[in-house]
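Student: Provide a 3D model corresponding to the input given below.
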Amino acid sequence: MASEVVELTLVGKPDCHLCDDAKEVIERVRKAAASNEIGLQYVEVNILENNQMAEKYGEEIPVVLLNGSPYASFHIYEDKLAYAILHERDRMRAKARRWWRRRK
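Tutor: Sure thing, here's the model as predicted:
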């Protein structure tokens, strides 16, 4: 269901070793999510090309956002990120169920 797709955004920049580490972690989590049919949309934002994100997160990169909300910065841990994605997906499902019940 499209409403259960979690958007994961990595805010970083080129030549940032922590950003490269975060990308590796995210890639492993993306593969696991895909093999378990968990909807995940991945977006990378380069702060050198996005002034708004640079002002907001420039000193904290890499930053991971889940559905637009900050989740973690600097060091990204695979197991914690996977759990956070599942938690976000479940939160979205619960919100959709509440909306559906109110419609009836």
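Student: pass me the low-pLDDT residue ranges in this protein, would you?
Tutor: 1-3, 103-104 (pLDDT under 70).
Student: do you have the helices of it handy? List them.
Tutor: 17-35, 51-57, 78-103 (DSSP state H).
Student: what's the last one packed up against?
Tutor: In terms of contacts (3 or more CB pairs under 8 Å, 6 or more residues apart in numbering; DSSP states H and E), helix 78-103 is packed against strand 6-12, helix 17-35, strand 63-66, strand 69-73. From N, CA and C alone the C-beta is placed, and that goes for glycine too.
Student: redo those as TSV? Include mean neighbour count and distance to residue 49.
Tutor: Formatted as TSV, those follow (neighbours: other CB atoms under 10 Å; distance: least, CB to CB, whole Å):
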stretch	mean neighbour count	distance to residue 49
strand 6-12	21	11
helix 17-35	15	14
strand 63-66	21	15
strand 69-73	15	19
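Student: can you tell me which of the ones you listed is nearest to residue 52?
Tutor: Minimum separation from residue 52 across those (CB to CB) falls at strand 6-12, 10.4 Å.
Student: and the closest one, what does it pack onto?
Tutor: With contacts taken as 3+ CB pairs under 8 Å, 6+ apart, strand 6-12 sits against helix 17-35, strand 40-46, strand 63-66, helix 78-103.
Student: so how far is residue 7 from residue 100?
Tutor: Between residue 100 and residue 7 the computed distance is 22 Å (CB to CB, to the nearest Å).
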